[in-house]
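**Student:** I would like to see how this sequence folds:
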Amino acid sequence: MYSVELASKEIGKRVIVSLKIVVPDEEEQYSGYWGTIVQVDEGGLLVEVEGGSEEQFEMIPPDLSFLDKAQHDIYEFNDGTVVENIDYEVYLTGAYDPSHL
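**Tutor:** The predicted structure is shown next:
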């Protein structure tokens with residue numbers, strides 16, 4: 001269950017987010033980013049991006065079950081960048097058409 005009160009406890013935590021995009025009749029596309037949760041509201045958790053995305057901010061959906069405790073001390077991102085001190089791993093799947101999920 002998601003609540004702003006519960007989610008507020010996650011402000012300041014660092015996350016690494018893996019995004020998988022499903023495209024029919026094509027290979028799945030992968031991307032991601034890492035950063036710090038800086039704000040929460042009914043719409044989700046706002047992450048200030050440190051790397052992996054051109055965006056300054058990205059949003060994690062309003063569901064705390066997406067936050068998995070980090071399993072590693074060090075992560076190596078797709079471009080070779082080393083990322084440390086991560087609190088949570090987040091795995092999200094999306095599609096251009098919801099019927100493909």
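
**Student:** residue ranges with poor pLDDT in this structure?
**Tutor:** 100-101 (pLDDT under 70).

**Student:** now do the helices in it.
**Tutor:** 4-8 (DSSP state H).

**Student:** excluding chain neighbours, what is closest to the residue nearest to the spatial centre of the chain?
**Tutor:** The chain has residue 17 as the residue nearest its centroid, 3.1 Å off, counting by Cα atoms, centre = their mean. Leaving aside its sequence neighbours, residue 17 sits nearest to residue 90 (Cβ to Cβ, 6 or more residues apart in numbering; 4.4 Å). In this view, the C-beta of every residue, glycine as well, is placed from N, C-alpha and C.

**Student:** wait, the residue nearest to the centre of the chain sits on residue 31?
**Tutor:** No. At 9.1 Å, residue 17 does not count as touching residue 31 under the criterion of Cβ atoms under 8 Å.

**Student:** give me the common contacts of those two.
**Tutor:** Applying Cβ atoms under 8 Å, 6 or more residues apart in numbering, one finds that residue 17 and residue 31 are jointly contacted by residue 52.

**Student:** wait, residue 32 sits on residue 77?
**Tutor:** Yes. Counting by Cβ under 8 Å, residue 32 does reach residue 77; the two are 7.3 Å apart.
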